[in-house]
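> Here is my input; please provide its structure:
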Amino acid sequence: MDQLLHQAYEDEICSLQEEIRTLEQQAESNGIYSDAFLKTMDMQREKFSMQNPQSCSYADLEAQLQQTESQIVLLTQLTGIGFTKCTVTAVEKGNEKAKQYRLSGYSHSLQFELEFELTEILTKENVTVTVTELNIILESNEFCDLSRFISRAEEKKNLLLFFSTLPTFAKWYEYRQVTFKHFKEKYPEVVRLPEGSNAEYLTLECSKLPGVELKIFWKIFVSEKGVVTPVLDLLTKIPAEALDFETRKVVDNAPSSFRSLLRLFGIESAIDCLIKLM
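Residues are numbered from 1 along each chain as shown. Below is the predicted model:
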């Protein structure tokens, strides 16, 4: 981002310097420095002085930097996406102008990298900018539904859809991690995380009920249109010798009862109720 800002300053400075030289040449050729011309020159020099970083004091630059950093923090909070690196390369494609971008960023605890190309297409009416190439790389490949969604976004070159979907998925993913860790610490004798807190399920075991095991699956589905939906379900494992008539009814009704708890009390309260029953 600093490189882009610096380049913008340089381009503006060169443009202003060229404009000043042109005005001076015109005045010299006419042999007259009119009041209007001198006023224009003063305005251009003042603008150049304001845009030229070298003419700014350290305090001014520090204030501008702090303001920029505050704006970036606010933007990250509003969008749920932050960027750590950005490089831009200009590409010539005949009469079309294109720029290749490489971005590194994050959304909550998920890291990602983007490579995309923006092409300016000239028409008789206006100029349109289109994403002509898109490649998305996630730090982890364990998210099956998200990976399928990303493949479709790359195919359709829909960069905006990716940016609007990732923060919601990352928020649910982080919430699941925190919830699993919370119950593991609160009920260490009952809760197991065989594949860690990043996995899609936790296991409930009770020493008073040997062989009885409950698994709470917590999946995060992503639709083709980028709709993120958390889905929780319960899977039971009961030894055959424990499945008398009454017990089988309880086992058969357990998943639907758990879904009812979810609707009534929410995710954390429903899981807590189930653990206490164990």
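
> distance between stretch 111-126 and the chain's centre?
19 Å (C-alpha atoms, centre = their mean, to the nearest Å).

> How about stretch 126-138?
17 Å.

> ok, now stretch 71-82?
With C-alpha atoms, centre = their mean, you get 10 Å for stretch 71-82.

> So what touches it?
1, 105, 106, 107, 108, 163, 166, 167, 168, 170, 171 (C-beta atoms under 8 Å, 6 or more residues apart in numbering). Every residue, glycine included, has its C-beta placed from N, CA and C.

> mind saving the C-alpha coords of it as PDB?
The C-alpha trace of stretch 71-82 is given here as PDB (Å, rounded to 0.1, in the frame of the first residue of the first chain):
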ATOM      1  CA  GLN A  71      -8.600   4.600   8.300                       C
ATOM      2  CA  ILE A  72      -7.100   1.200   7.500                       C
ATOM      3  CA  VAL A  73      -8.000  -0.200  11.000                       C
ATOM      4  CA  LEU A  74     -11.600   1.100  10.600                       C
ATOM      5  CA  LEU A  75     -11.900  -0.400   7.100                       C
ATOM      6  CA  THR A  76     -10.700  -3.800   8.500                       C
ATOM      7  CA  GLN A  77     -13.200  -3.700  11.300                       C
ATOM      8  CA  LEU A  78     -16.000  -2.800   8.900                       C
ATOM      9  CA  THR A  79     -15.200  -5.400   6.200                       C
ATOM     10  CA  GLY A  80     -13.600  -8.100   8.300                       C
ATOM     11  CA  ILE A  81     -10.600  -8.300   5.900                       C
ATOM     12  CA  GLY A  82      -7.100  -6.900   6.400                       C
END
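
> now the helices for this protein?
Along the chain, counting by DSSP state H, helices occupy 2-30, 35-51, 58-79, 144-156, 159-186, 245-265, 267-277.

> Tell me how this structure divides into domains.
For the chain, the structural domains run 1-63, 170-277, going by automatic domain parsing.

> and the ones you listed, which one's lowest on average pLDDT?
With a mean of 56, domain 1-63 has the lowest mean pLDDT of those.

> Rank the contacts of stretch 71-82 by pLDDT and give me only the lowest.
For these, the pLDDT minimum is residue 1, 49.

> Only the buried residues of stretch 192-203, if you could.
Residues of stretch 192-203 classed as buried by neighbour count (16 or more other C-beta atoms under 10 Å): 192, 199, 200, 201, 202, 203.

> Look at that stretch and report the distance between its end residues.
5 Å (C-alpha to C-alpha, to the nearest Å).
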